[in-house]
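> coords please:
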Amino acid sequence: MAHISAEDQARIDAIEAALLKRWPETRIEPTLERIAALVDILGSPQLTYPTIHIGGTNGKTSTSRMVDSLLFEMGLRTGRFTSPHLESFLERIAINGEPIPAADAIFAYNDIAAYLDLMDSKFEHPISFFEAITALAFVAFAEHPIDVGVIEVGMGGQWDATNVVAADVSMIMPIGLDHTEYLGETLTEIAQTKAGIIKEGGFVVMAHQEPESAVELLKQAAAVGADIAREGVEYSVLSRAVAVGGQLVTIQGVKEIYPDIFIPLHGKHQASNAAAALVAVEAFFGDQDLDIEAVRAGFAGVTSPGRCEVLHRDPTIIIDAAHNPHGAAAIAETIQSEFTFDEVIGIFAPMGDKDVRGILLELEQVMDSVIVSANSSPRAMKVTVLEKMAAEIFGSDRTFSTPTLTEAIDKAVKDCVRPLSDETIGILISGSVVSVGESRTIIRKKFAKETN
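Residues are numbered from 1 along each chain as shown. A predicted model of the protein is given here:
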């Protein structure tokens with residue numbers, strides 16, 4: 001991230017504090033009423049550029065980053081809006097692939113601040129944190145200006161604050177059980193909400209879905225006359241080989257085959273995300289063919305922080321933001337098939353409102369031992385409760401606990417030292433986006449000290 005002056009940083013911190021005083025991201029009122037009124041009074045900035053809208057449960061952020069990288073490589077000015085963030089809320093609003101400069105964020109916020117207050121006075125519930133930051137992104141993109149917006153859904157779809165866009169292409173990534181308190185207890189109910197981003201006469205890219213989700217998505221596409229491309233039917237990953245630092249894939253798009261694409265990300269799910277991203281870009285360009293070299297360059301430049309990201313070597317430390325069983329299964333499979341550790345020490349710090357048992361059952365397949373801990377969020381699961389749950393799944397001899405992530409990381413790094421052994425030991429940190437974001441900061445500081 002570009003260097004920010006002390007004065008700008010103070011202003012950004014003040015903006016973040018003001019935004020955080022609003023309804024938190026985890027609290028939702030299922031209506032578009034407030035965001036619709038807000039963007040209306042701002043002059044509908046989100047309608048001044050075409051958009052690709054990305055929903056689903058898992059893979060949204062990685063896929064958004066791929067779509068962004070491809071479009072930018074094809075010569076377009078891009079705006080990407082993703083959530084949540086790892087370390088700074090400025091990461092959520094990216095222009096031409098880079099987090100928005102602090103000065104631009106401050107300018108956009110000053111533009112909308114008075115309107116936020118006005119809306120607060122008009123509605124029973126004030127504008128939420130997520131609604132405010134969504135409006136901020138829309139305005140920043142319009143002011144830049146961008147050629148295309150890549151917009152990730154926050155939660156659900158139908159009534160998500162991002163759903164005031166008129167998307168040219170909608171993407172539905174794999175749907176799993178998450179946020180059930182808002183979205184429903186079954187895949188059918190969740191899929192109905194997520195299908196709400198499919199637009200009249202638009203184009204939908206549908207990644208692999210469970211049958212009950214697929215039915216709902218196809219129903220909605222038929223109801224609004226949207227064209228659909230389904231993974232495994234209209235498009236697919238034709239081949240995939242693990243390569244140093246990532247994988248080499250060949251993708252069958254809707255229009256043609258794209259061979260030998262290197263993706264510097266680990267995991268079979270990232271190949272599927274890449275195929276979906278490529279088809280969305282094909283659809284966006286319509287009749288215009290894509291240049292294979294631009295496609296290759298776009299994928300080669302993709303990063304996805306906090307998604308099976310190798311943060312350090314010797315010891316190898318991998319962070320992964322898996323916060324539901326579907327995401328945990330993906331990282332477990334990736335660690336088994338693409339890394340050659342003799343032993344994996346796990347660090348796990350989830351939020352209390354997640355299917356923690358379901359996540360632990362998946363991670364237990366690759367973690368030889370686990371250190372349970374807590375991030376700094378008030379929503380973090382209590383370590384005592386977590387330790388008991390982990391001990392039931394891992395056994396008490398494989399379960400350890402520390403009150404903070406700093407202590408967990410110190411313990412794991414110390415436990416990696418085996419003087420007389422030539423085993424390769426990996427550390428996998430997982431459980432939530434917040435835990436991964438905080439771990440990144442801790443690890444950066446810890447190893448900076450050692451190298452100085």
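> can you name the element that comes right after the helix or strand hosting Val204?
Applying DSSP states H and E as the criterion places Val204 in strand 203-206. In the C-terminal direction, the helix or strand that comes right after strand 203-206 (DSSP H and E) is helix 211-224.
> which other helices and strands contact that next one?
Under the contact criterion of 3 or more Cβ pairs under 8 Å, 6 or more residues apart in numbering; DSSP states H and E, helix 211-224 touches helix 187-194, strand 203-206, strand 227-230. In short, each C-beta sits where N, CA and C put it, glycine included.
> ok, the strand holding Val204: who's next to it in the sheet?
The strands that strand 203-206 pairs with in its sheet are strand 169-172 (parallel), strand 227-230 (parallel) (by DSSP bridges).
> do you know which of those strands lies nearest Ile318?
Among the strands paired with strand 203-206, strand 169-172 comes nearest to Ile318, with 26.6 Å by Cβ to Cβ.
> chain center to the closest one, what's the gap?
When C-alpha coordinates are averaged (Cα atoms, centre = their mean, to the nearest Å), strand 169-172 and its chain have centres 15 Å apart.
> which of the helices and strands packed on helix 211-224 is buried the deepest?
Stretch with highest mean neighbour count among the helices and strands packed on helix 211-224: strand 203-206 (a mean of 28; mean count of other Cβ atoms under 10 Å).
> and stretch 408-424, how far out from the chain's middle?
That offset, for stretch 408-424, works out to 30 Å (Cα atoms, centre = their mean).
> what does it contact?
Residues outside stretch 408-424 that contact it (Cβ atoms under 8 Å, 6 or more residues apart in numbering) are 315-317, 340-343, 345, 347, 349, 371, 373, 400, 402, 425, 427, 429, 439, 442-443, 446.
> burial count for Asp355?
Neighbours of Asp355 under the rule other Cβ atoms under 10 Å: 18.
> next: Gly225.
Gly225 has 10 neighbouring residues, counting by other Cβ under 10 Å.
> same check on the one 10 residues further on?
By other Cβ under 10 Å, the residues close to Tyr235 number 22.
> hang on, the earlier thing: any chance of the helices and strands packed on helix 211-224 in JSON lines, plus distance to Pro378?
Formatted as JSON lines, the helices and strands packed on helix 211-224 follow (distance: least, Cβ to Cβ, whole Å):
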{"stretch": "helix 187-194", "distance to Pro378": "26"}
{"stretch": "strand 203-206", "distance to Pro378": "37"}
{"stretch": "strand 227-230", "distance to Pro378": "41"}
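> quick one, which of the ones you listed is nearest to Asp68?
Smallest distance to Asp68 across the helices and strands packed on helix 211-224 (Cβ to Cβ): 15.1 Å, for strand 203-206.
> what sits up against the closest one?
With contacts defined as Cβ under 8 Å, 6+ apart, strand 203-206 is touched by 168-172, 198, 214, 217, 221, 226-231, 235, 276, 279-280, 283.
> just the buried residues of those residues.
Buried members of those, counted by 16 or more other Cβ atoms under 10 Å: 168-172, 198, 214, 217, 221, 226, 228-231, 235, 276, 279-280, 283.
> still on that earlier bit, among the helices and strands packed on helix 211-224, which is nearest Val310?
Nearest of these to Val310, taken as Cβ to Cβ: strand 203-206 at 28.8 Å.
> mind checking how far that closest one is from the chain centre?
19 Å.
> that one - what's its average pLDDT?
Averaged across strand 203-206, pLDDT comes to 98.
> just the CA trace of that strand, in PDB.
Written as PDB, here are the backbone C-alpha positions of strand 203-206 (Å, rounded to 0.1, in the frame of the first residue of the first chain):
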ATOM      1  CA  PHE A 203     -25.800 -12.400 -18.200                       C
ATOM      2  CA  VAL A 204     -25.100 -14.800 -15.300                       C
ATOM      3  CA  VAL A 205     -22.000 -16.900 -14.600                       C
ATOM      4  CA  MET A 206     -22.900 -19.700 -12.300                       C
END
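> residue ranges for the helices of the stretch 1-150 of the chain, please.
For the stretch 1-150 of the chain, the helices defined by DSSP state H, counting those that start in this stretch cover 6-20, 33-41, 60-73, 102-122, 129-143.
> which one of these lies nearest to Leu361?
Comparing the helices of the stretch 1-150 of the chain by Cβ to Cβ, helix 60-73 comes nearest, at 23.5 Å.
> and the chain, what are its domains?
6-300, 309-451 (automatic domain parsing).
> just for the protein, where's the confidence low?
1-2, 178-183, 451-452 (pLDDT under 70).
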